[in-house]
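Trainee: A predicted structure for the sequence below; I have some questions about it.
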Amino acid sequence: MDDRTYTADAEPGDHVTVAGWAHEIRDLGGIAFLIVRDKTGKIQVKFAKDEMDEDLVETGTNVSRESVVQVTGAVEEEPRAPTGVEVVPESVEVVAPADPELPLDPSGKVDAELPTRLDNRTLDLRRDEPKAIFEIRATVLEAVRDYFRSQNATEINTPKIVATGTEGGTELFPITYFGEEAFMNQSPQLFKQLMVGSGLERVFEIGPIFRAEEHNTPRHLNEATSIDFESAFTDHQGAMDVCEGALKAAYAAVAEECADELETLGLADEFEVPEEDFPRLSYEEAIERVNATGELDEQLVFGDDLSTEAEKALGADVGGHYFITDWPSEVKPFYIKDHDDDESLSTGFDMMHPDMELVSGGQREHRYDELVAGFEQQGLDPEAFEYYTKMFRYGMPPHAGFGLGGERLVMTMLGLDNIREAVLFPRDRQRLSP
RNA sequence: GCCCGGGUGGUGUAGUGGCCCAUCAUACAACCCUGUCACGGUUGUGACGCGGGUUCAAAUCCCGCCUCGGGCGCCA
């Protein structure tokens, strides 16, 4: 089967073997057409009943839809065929038959709802639109990886099974580890920080994170892909620069390499690579701007977190990606450093898409005494994190970084209405299988 | 965690007390059709999430369960 020809590569005059799925069979009486679909597209196979071997015609026109078929024959130019060429078959083999009743219709004549599609993801991904999303997702991940490498960062992989949580706050999935209590990690935060104090200095990781929150929204997952970056000898401004660069690199790569996929998703005309610098609004400016929109019933005051409603009002007002900086210290976790000249303000930042939060980052607290004090202030036991705090006693440089939600990046980039569209097999409150 | 809203053939739907042994599309089966490209035509197959209740009468109203989606909180 290695010598098969992709349907997109079949040229008139070629003698080929194409293999793929029976997309559709149209029997017009004396003539019938079998449409074979593969990764690259579709090609029509013609059966002229009077002129061809009866068994051949029988096999070719009685295949059930979505069966795997292999067709060998001559490729002919044919203006009446959908792609301008068609295969005149010499042999047709049903490699793997499909049951006639399909749980969803890959030809797209009848829509299926998301849960049905996720239950039958394999069949769903025979359709062009979901397939395009994952081709684009792969391009996004490749682009950010290349970008981080160009920024002299080293790719790392940190443990997903851990003894203690990262920030204490969010719910963790407990597991049993050889009889001991353990958890699925909610973030590589602490480990990537340990690495900036190592000889690697500047690192990134693209990997899964696990959060046991029982939220049920179109923008949350219980297993998500986190795109993390952390660097020694930089501050929150430097981290924001890299964050912005990574996001722009992802958009640029998709614009450059995924024209067909964008076309499939109906985004060819509207897709834009952000060119301008992302505005960096301080938290204080942000709440003032939200209040000025008049969209909210109650005015925000300093110290309030931004509600979903507030985020949307601000996003609509700004109209593109932007940062919110200088958050009040108390709303950010202990490992975020406060400003030296104003301890009530942190160096934490969020990067926002007009529709939702994409990134959270900041300069980290690298001073041992302050870090341990931070643990205590948040009611956490520094002893439990000794593996982490200890390393701050042996020369931990100033550093900063961020975490970017991979699925949210793809979701906002493509205007998907549900984050589950951006994961092959999403894990959410209701879904553990497939 | 709190609060809403749903579950009707394989898939997607219509149907708010009798007009429903349930509509339409697609699928599937059979037949007809020599250029389809959502092929077309004829005939047929196939469903009210589960349990209880109200009523002369329940897909439709009520209760419980199961299950799914969404909003908020929180976050990436």
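Mentor: Structure received.
Trainee: The most far-flung residue of chain A relative to its centre - nearest residue in space that isn't next to it in sequence?
Mentor: Using C-alpha atoms, centre = their mean, the residue of chain A lying farthest from its centre is A:D50. It sits 51.5 Å away. Among residues not flanking A:D50 along the chain, A:G30 sits closest, at 6.5 Å (C-beta to C-beta, 6 or more residues apart in numbering). C-beta: built from backbone N, CA, C; applies to glycine.
Trainee: again, but for A:R427
Mentor: The shortest distance from A:R427 to any non-neighbouring residue, by C-beta to C-beta, 6+ apart, is to A:E223 (3.9 Å).
Trainee: Tell me the bridge partners for the one you found.
Mentor: A:F210 (DSSP bridges).
Trainee: Tell me if I'm right that it and A:A212 touch.
Mentor: No - using C-beta atoms under 8 Å, A:E223 is not in contact with A:A212; the gap is 10.3 Å.
Trainee: of the two, who's got more company?
Mentor: A:E223 (17 against 14; other C-beta atoms under 10 Å).
Trainee: residues contacting that one?
Mentor: Going by C-beta atoms under 8 Å, 6 or more residues apart in numbering, A:E223 touches A:208-210, A:426-427.
Trainee: give me that answer again for 7 Å
Mentor: A:208, A:210, A:427 (C-beta atoms under 7 Å, 6 or more residues apart in numbering).
Trainee: What of A:V290?
Mentor: Going by C-beta under 7 Å, 6+ apart, A:V290 touches A:296, A:300, A:310, A:313-314.
Trainee: which stretches of chain A form helices?
Mentor: A:54-62, A:114-119, A:121-124, A:128-150, A:189-196, A:236-257, A:259-264, A:283-293, A:308-318, A:368-377, A:386-389, A:406-414 (DSSP state H).
Trainee: do you know which of those helices lies nearest A:T40?
Mentor: Among the helices of chain A, the nearest to A:T40 by C-beta to C-beta is helix A:259-264 (10.1 Å).
Trainee: Using PDB, write out every CA atom in the closest one.
Mentor: Extracted C-alpha coordinates of helix A:259-264, given in PDB (Å, rounded to 0.1, in the frame of the first residue of the first chain):
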ATOM      1  CA  ALA A 259      -4.700  29.000   3.500                       C
ATOM      2  CA  ASP A 260      -6.700  25.900   2.500                       C
ATOM      3  CA  GLU A 261      -7.700  25.200   6.100                       C
ATOM      4  CA  LEU A 262      -8.800  28.800   6.700                       C
ATOM      5  CA  GLU A 263     -10.800  28.600   3.500                       C
ATOM      6  CA  THR A 264     -12.500  25.400   4.700                       C
END
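Trainee: And that helix, what's buried?
Mentor: Residues of helix A:259-264 classed as buried: A:261-262, A:264 (neighbour count, 16 or more other C-beta atoms under 10 Å).
Trainee: Ok, stretch A:231-245 next?
Mentor: Neighbour counts using 16+ other C-beta under 10 Å place A:231-232, A:234-236, A:239-240, A:242-244 of stretch A:231-245 among the buried residues.
Trainee: among these, which two are most distant?
Mentor: Comparing every pair within these by C-beta to C-beta identifies A:A232 and A:E244 as the most remote, at 19.6 Å.
Trainee: Of the contacts of A:E223, select the buried ones using a PyMOL command.
Mentor: To isolate the buried members of the contacts of A:E223 in PyMOL, using 16+ other C-beta under 10 Å:
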select buried, chain A and resi 210+427
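Trainee: And the contacts of A:E223, which is closest to A:E272?
Mentor: A:P208 (29.9 Å).
Trainee: pretty sure A:D235 is in contact with A:Q363, am I right?
Mentor: Yes - at 4.8 Å, A:D235 and A:Q363 qualify as touching, with contact defined as C-beta atoms under 7 Å.
Trainee: overlap in contacts of the two?
Mentor: Listed as contacting both A:D235 and A:Q363 by C-beta under 7 Å, 6+ apart are A:347, A:400.
Trainee: Closest residue of the stretch 101-250 of chain A to RNA strand B?
Mentor: Sorted by distance to RNA strand B under C-beta to the nearest atom of the strand, the residues of the stretch 101-250 of chain A start with A:H215, at 2.8 Å.
Trainee: Brilliant, that's me finished.
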